[in-house]
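[1] Need coordinates for the below:
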Amino acid sequence: MSNQKSIIAKVEESILKSTKLNFMDSKENVDKLIKDRLSAGEKPVKSIFKSTDFKGMQIFTFGDEDAENTILYMHGGAYINQINYQHFIYCFLLSRKLDAHVLAPVYPLAPRHNADETFDIIGELYKTLIQKNRLILMGDSAGGGFIHSFCQHLKSINLPQPDNIITFSPWVDISMSNPPYNSSDDSILGEIGLREIGKSWAGDLDTNDYKVSPLFGDNVDLADTLIFVGENELFCRDIKKYVENLKKDGVNVKLIVGSGLFHIYPLFPIPEAKTAFDIVKKEILG
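    As a prediction, the model looks like this:
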């Protein structure tokens with residue numbers, strides 16, 4: 001990719017910095033967020049896009065069910081924020097441009113739920129998808145981290161790997177064990193908030209258990225993997241470390257580092273995202 005960040009990307013980053021969620025860099029605010037979410041009820045997500053029910057879990061679907069490719073997409077949001085318009089638009093584009101049937105689950109989130117609950121329900125969903133012609137697992141941020149952990153977990157429950165794994169800025173270590181983290185420079189993420197939410201998501205698991213932090217998991221025999229990360233984001237060093245683990249475990253992995261770019265940049269309306277999408281398209285369609 002070009003080493004020159006586009007003007008549009010610079011503007012987008014400036015907007016993101018000015019609207020950064022206040023719980024990311026404040027213990028007081030993240031504690032309040034967790035408390036508020038615990039007391040709030042759970043409601044179905046509303047959207048113009050079609051959704052179905054799977055064992056009580058809402059799933060948004062895009063494209064033809066008989067498409068050549070099936071994509072299971074796990075949305076980001078630090079395991080506490082719900083799927084949003086950004087994910088809907090990206091899933092819609094995937095379905096239209098890659099001849100894909102895309103499923104985006106509204107999976108159980110912290111703090112009312114934890115990782116084990118989500119593993120259970122996504123595991124059941126995955127069993128219904130493994131006979132598809134070509135199955136790709138994708139996710140961004142927390143959802144990307146979940147995808148990597150889930151694929152490690154598939155080996156322990158004797159289920160086959162997907163054909164491809166593709167993630168954007170995956171959260172691979174919720175224990176945040178590789179400081180210092182550049183929270184002040186990151187336009188979206190913050191170490192303080194992530195640490196507290198990570199503990200909630202882990203539940204009874206240790207925060208360095210592979211089911212919540214794939215950085216510490218076994219990657220042998222995992223599917224071909226494509227990972228994108230922004231050079232300036234908080235997760236960059238952890239992701240590079242995880243990619244080295246993948247290589248050591250013999251995984252065919254490609255890492256795309258967006259020069260000077262921010263967290264989950266492929267999901268934003270910037271020129272660099274078009275380049276990223278072309279790489280995703282080539283990975284899937286050849």
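[2] May I ask you to name the longest helix in this protein?
    Determined from DSSP state H, the single longest helix within the chain is helix 271-285.
[3] Can you give the contact residues for that helix?
    1-2, 5-6, 8-9, 69, 93-94, 97-100, 134, 136, 164, 166, 168, 224, 226, 228, 254, 256, 258, 261, 265-267 (C-beta atoms under 8 Å, 6 or more residues apart in numbering). The C-beta positions use only the backbone N, C-alpha and C, and glycine is treated the same way.
[4] Which stretches in the protein count as strands?
    With DSSP state E, the ranges of strands along the chain come out as 51-54, 57-62, 69-74, 100-105, 134-140, 164-168, 224-230, 253-258.
[5] returning to that earlier point: now which of the contacts of helix 271-285 would you call buried?
    Using 16 or more other C-beta atoms under 10 Å as the burial test, the contacts of helix 271-285 include 5, 9, 69, 93-94, 98, 100, 134, 136, 164, 166, 168, 224, 226, 228, 258, 261, 265-267 as buried.
[6] In contact with the nearest residue to Leu189 once chain neighbours are set aside: list those residues for me.
    Distances taken as C-beta to C-beta, 6 or more residues apart in numbering put Leu234 closest to Leu189, at 4.4 Å, once the chain neighbours are dropped. Taking C-beta under 8 Å, 6+ apart, we find Leu234 in contact with Tyr181, Asn182, Ser183, Asp185, Asp186, Leu189, Gly190, Glu191, Leu194, His263.
[7] So for the third one, what's the pLDDT?
    Each residue has a pLDDT score; the one for Ser183 is 92.
[8] count of neighbours near it?
    For Ser183, the neighbour count with other C-beta atoms under 10 Å is 16.
[9] just the one 3 residues further on next, same as before
    The number of residues packed around Asp186, counting by other C-beta under 10 Å, is 23.
[10] Tell me which residues touch it, please.
    The contact partners of Asp186, by C-beta under 8 Å, 6+ apart, come to Asn232, Glu233, Leu234, Phe262, His263.
[11] In these, find the pair that's most separated.
    Largest separation among the contacts of Asp186 by C-beta to C-beta: Leu234 and Phe262, giving 9.7 Å.
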